[in-house]
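Peer 1: the following comprises the amino acid sequence and a computationally predicted model.
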Amino acid sequence: MTDTALVLTEVRPRVRRRRWLRRFLGTGSGVLGLVLTLTVLVLGVFAESIAPHDPFRAVGGPFQPPSGQHSMGTDDLGRDLFSAVVAGARTSMTVVVAVSAISAAIGLVVGAVAGYRGGLVDDGLMRVTEMFQSVPRFFLALLVVALFGSGLSNLILLLGVTSWPLLARVVRTETLSLREREFVGAARALGASNARIVIGHILPHVVPAALVIIALMGSRVILLEASLSFLGLGDPNAMSWGLLANNAQSFMRVAWWMAVFPGLAILVAVLGLNLLSDAINNALNPHVRRRRGDRPQPV
Amino acid sequence: MIGLDANSNPYPDLAESWVIADGGKRYEFKLRPGVKWHDGRDFNAGDVKFTFDHALRGHSRTQSSMGLPAGSAGSPLLYIEAARSDLVVFQFNRPYAPLLQQLNVTEAPIIPAHRYPANDPLTNTAANRDPKGTGPFMLKSYGNDVQFVRNPNYHRRDLPCLDGMVERFFPSNQTASLALEGGELDWSWEVDKSRLGALRANRGLSVVGVPRGTGGGNCLMTVGFNLLASGDRRGQRQTNGSVIAGDPAPHPHFSDVRVRKAVAHALNRQAYLDQIEFGQGRIAAAPMHSGIGFAHAPQPTPPFNLAEANRLLDEAGRPRGPGGIRFSVDFWAIGPGAQVTYGNLLKAQLAEVGINVTVRSGPPGTFGTSVFVNRTFDLAIVSYCQGDDPQIGVRRQYHSTQYQAVPFTNLTAYRTSEMDGLWDQASAQVDPNVSRNTYRRIQEVAVRDQPYLWLVETEFIRAHRAGCSGFNYPNTGLFAETAFCK
């Protein structure tokens, strides 16, 4: 096998990227997902400059309906709801990014090692993965909050170390099919180390599939964080959508806006990430592509 | 034992009559004859002595004022004697003023000694799961609801009027109010305060505000400053009577009275009344509740004034740092619920003067352990129910012996010999016209030293169907004794 053979057989993701992006943006739902997610992301990143007020300060009268002054109204303590929703975006994004980072790190390593090594290592790692997969996360979260208190960092850590199994499984399957490919064999024949093969040749092909799972995981994490906060088990010092919804519960018949806007925010964020994940999946899936009339790609 | 009317004056209940002898050192109670426990056994003087000796010594309100167990160091109580089956004697070593105010069913519900042969009412769960009383209703069953039936042997002839009661539980005041409006309920404990206007306007309902509940009366939302460094327990009295050795470190901020005054100036107390209590209750005008009429002495509490708060904090050497923050503290509340909302509002208000507050909360057990036992807090809120005499519910906040690892005692660890002396003096002043002056002095010292901030005197709301009446408000726990429904 020669250098030329290597170039011919491995179509690097970089080469395909532009076509892939066009396919991704070609779908309406993909664009919508991207726009919604970016909106939440921008709100989260620039929360301080976007929010007109400190979300924890009383800036107006209590229970003021949406108006020019307070676009989403005020809560029972006279705090500006728009500022709170924006701050909630920051909290949700922080949780999603941190949890994704933790679980992506664990999932990629476990999946890649298990898939590439195979044998006993694979068996061992997959049994551990199944163990984590069988833990009911919500009840574990309740337990952790009861034992260690309701802090944002506790929540992130908990969700991070319990969210990776699905990702690990997908990465493992992809790696299993990739490791027998000719370009991997070529790299091995050239004397590349295992680490170099996995990082340089296998992972780049795994990343798109992993992205689908990570985006889906993000939307689940948002819902989980909101559910815990809604039950009064979130961090009371981090403004979050679940916390706002929890507070709104007491005043449902007095101030509808306290429930509606945080609910919409959750909807936007979760819908955005789900659409995004769907679009990535469709752009990658050869069956969907063929239906669209595209030529199959050598993957 | 005895009832209290709306003005806290005693009237006979299980005790038919009483004699106060020896200038207030000796109280003799003649018990009503023929009173039966729900299991048919006779009620007698031994039950009263047993209740105080073995159950009430575990409660901060009784223990702090009376000094239970009897004869312990500094205790005014020498002994309780069941002299005859119908005569019980309380003997004190000095005149003791508040006794009659702490013998009602709220402060001292009597429990049957014969159900606890091992003298273990605090731990005998088998007996505690099948409680027997002498009251108008008997427990029939409990589970998702609690069912009571009429006590046919009740000592007040022809009472109660109702054949029984079913107590149901709701996850929130909102759902309970909806059930009441929908006609599912006859009577409701607490309502959705945010909709009080609509409930009052509903002609099918009757809404009543009362200052006392079954868990205590004259409750005052009180914020306490930890005067000691967070987590420092040195000097704290343990439940076994020992004291943790060593001198505690003072709190880095709140040991300075200027900082405490600044916090008082930074809080707009009207906002707590308007936004959390929805106008039910009143701003506390003194450390002692206005419901304790003879002792309540309005004091010039620091008014809401942000400029003055900022000036005091600057003067106390706590300048604003990065982000305008002077310092950060932890605030503890029982939660989830209204007390956490107090914390959120306090956080919002103190942010204005550069104090960064982190609100922490937990259920009562967690709160009690974190705040009163482990003392890991800087600020905390407690609804101190003061009862019908300052010795019952206020003394425990200020007396040095009350700095204990027991929930709802001396939260701030405030300890001065001046205050101790005043409290002991007032406890022995049987004439309210005399003790009134001592209590005024106590409140002046409390305002001067400001270990606590008294925010709002809260009111309990009861509501019932207009077709029902005869509920007993506000002082007694026997709320349905004379009630009837059409």
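Peer 2: Now that the structure is in, tell me what you want to look at. Numbering: from 1, shown residues only, chains lettered A, B, ... in the order given.
Peer 1: tell me which residue of chain A lies closest to chain B.
Peer 2: residue A:232 (3.8 Å; CB to the nearest CB). C-beta: built from backbone N, CA, C; applies to glycine.
Peer 1: ok, how many other residues are close to that residue?
Peer 2: Neighbours of residue A:232 under the rule other CB atoms under 10 Å in any protein chain shown: 19.
Peer 1: neighbours around the closest residue to chain A within the stretch 101-250 of chain B, how many?
Peer 2: Of all residues in the stretch 101-250 of chain B, the one sitting closest to chain A is residue B:194 (4.9 Å; CB to the nearest CB). Residue B:194 is flanked by 22 other residues according to other CB under 10 Å.
Peer 1: residue B:146 in helix, strand or coil?
Peer 2: Here residue B:146 is strand, with the state taken from DSSP: H, G, I helix; E, B strand; the rest coil.
Peer 1: in which helix or strand does the nearest residue to it once chain neighbours are set aside reside?
Peer 2: Of all residues not flanking residue B:146 in the chain, residue B:167 sits nearest, at 4.1 Å (CB to CB, 6 or more residues apart in numbering or on different chains). For residue B:167, the element it lies in under DSSP states H and E is strand B:164-168.
Peer 1: adjacent strands (with direction) for the lowest-mean-pLDDT helix or strand in chain B?
Peer 2: Least confident helix or strand of chain B, by mean pLDDT, DSSP states H and E, is strand B:212-213 with a mean of 74. In the sheet, strand B:212-213 lines up against strand B:216-217 (antiparallel) (DSSP bridges).
Peer 1: helices or strands up against whatever helix or strand comes next after the partner strand?
Peer 2: Counting by DSSP H and E, the next helix or strand C-terminal to strand B:216-217 is strand B:219-225. Contact partners of strand B:219-225 among helices and strands, from 3 or more CB pairs under 8 Å, 6 or more residues apart in numbering or on different chains; DSSP states H and E: helix B:338-351, strand B:379-385, strand B:452-458.
Peer 1: quick one, which of those is nearest to chain A?
Peer 2: Closest among these, using CB to the nearest CB: helix B:338-351, at 4.6 Å.
Peer 1: mean confidence score for the closest one?
Peer 2: Here helix B:338-351 scores 93 as its mean pLDDT.
Peer 1: please export the C-alpha coordinates of it as PDB.
Peer 2: Taking C-alpha atoms only, helix B:338-351 is exported to PDB below (Å, rounded to 0.1, in the frame of the first residue of the first chain):
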ATOM      1  CA  ALA B 338     -42.700  31.800  52.000                       C
ATOM      2  CA  GLN B 339     -39.600  32.000  54.100                       C
ATOM      3  CA  VAL B 340     -37.400  31.500  51.000                       C
ATOM      4  CA  THR B 341     -39.300  34.400  49.400                       C
ATOM      5  CA  TYR B 342     -38.300  36.500  52.400                       C
ATOM      6  CA  GLY B 343     -34.800  35.500  51.600                       C
ATOM      7  CA  ASN B 344     -35.200  36.400  47.900                       C
ATOM      8  CA  LEU B 345     -36.500  39.800  48.800                       C
ATOM      9  CA  LEU B 346     -33.800  40.400  51.400                       C
ATOM     10  CA  LYS B 347     -31.200  39.400  48.800                       C
ATOM     11  CA  ALA B 348     -32.700  42.000  46.400                       C
ATOM     12  CA  GLN B 349     -32.800  44.700  49.100                       C
ATOM     13  CA  LEU B 350     -29.300  44.200  50.400                       C
ATOM     14  CA  ALA B 351     -27.900  44.100  46.900                       C
END
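Peer 1: surely residue A:100 and residue A:216 touch.
Peer 2: No: using CB atoms under 8 Å, residue A:100 is not in contact with residue A:216; the gap is 10.6 Å.
Peer 1: okay, the two: which has more neighbours?
Peer 2: More neighbours surround residue A:100 than the other of residue A:100 and residue A:216, with 22 against 19 (other CB under 10 Å).
Peer 1: excluding its backbone neighbours, what's nearest residue 279?
Peer 2: This is for chain A. Nearest to residue A:279 is residue A:30, by CB to CB, 6+ apart, at 3.1 Å.
Peer 1: let's do chain B instead
Peer 2: residue B:273 (6.4 Å).
Peer 1: helix/strand/coil for residue B:207?
Peer 2: strand.
Peer 1: and it, bridged to which residues?
Peer 2: residue B:463.
Peer 1: for stretch B:297-306, what does the pLDDT average out to?
Peer 2: pLDDT averaged over stretch B:297-306 gives 92.
Peer 1: list the buried residues in it.
Peer 2: Within stretch B:297-306, the residues that count as buried by 16 or more other CB atoms under 10 Å in any protein chain shown are B:297, B:299, B:301-302, B:304.
Peer 1: so the residue lying closest to residue A:255 once chain neighbours are set aside, which of the three states?
Peer 2: Of all residues not flanking residue A:255 in the chain, residue A:63 sits nearest, at 4.9 Å (CB to CB, 6+ apart). What three-state DSSP gives for residue A:63 is coil.
Peer 1: now the longest helix that chain B contains - C-alpha only, PDB.
Peer 2: Across chain B, the longest stretch assigned as helix under DSSP state H is helix B:432-449. Taking Å, rounded to 0.1, in the frame of the first residue of the first chain, the C-alpha atoms of helix B:432-449 are listed here in PDB:
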ATOM      1  CA  PRO B 432     -47.700  43.100  84.800                       C
ATOM      2  CA  ASN B 433     -47.700  46.700  85.800                       C
ATOM      3  CA  VAL B 434     -44.300  46.200  87.200                       C
ATOM      4  CA  SER B 435     -42.800  43.800  84.700                       C
ATOM      5  CA  ARG B 436     -44.000  46.100  81.900                       C
ATOM      6  CA  ASN B 437     -41.200  48.500  82.800                       C
ATOM      7  CA  THR B 438     -38.600  45.800  82.700                       C
ATOM      8  CA  TYR B 439     -39.900  44.600  79.400                       C
ATOM      9  CA  ARG B 440     -39.600  48.100  78.000                       C
ATOM     10  CA  ARG B 441     -36.000  48.300  79.100                       C
ATOM     11  CA  ILE B 442     -35.300  44.900  77.500                       C
ATOM     12  CA  GLN B 443     -36.700  46.100  74.200                       C
ATOM     13  CA  GLU B 444     -34.600  49.300  74.400                       C
ATOM     14  CA  VAL B 445     -31.500  47.200  74.800                       C
ATOM     15  CA  ALA B 446     -32.600  44.900  72.000                       C
ATOM     16  CA  VAL B 447     -32.900  47.900  69.700                       C
ATOM     17  CA  ARG B 448     -29.600  49.300  70.800                       C
ATOM     18  CA  ASP B 449     -27.700  46.100  70.200                       C
END
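Peer 1: rewinding a little: check whether the helix or strand just after the strand holding residue B:167 comes near chain A.
Peer 2: With elements assigned by DSSP H and E, the helix or strand that comes after strand B:164-168 is helix B:173-181. Yes: residues of helix B:173-181 contacting chain A under CB under 8 Å from any CB of the partner chain: B:173-174.
Peer 1: for the record, mean pLDDT for helix B:173-181?
Peer 2: 89.
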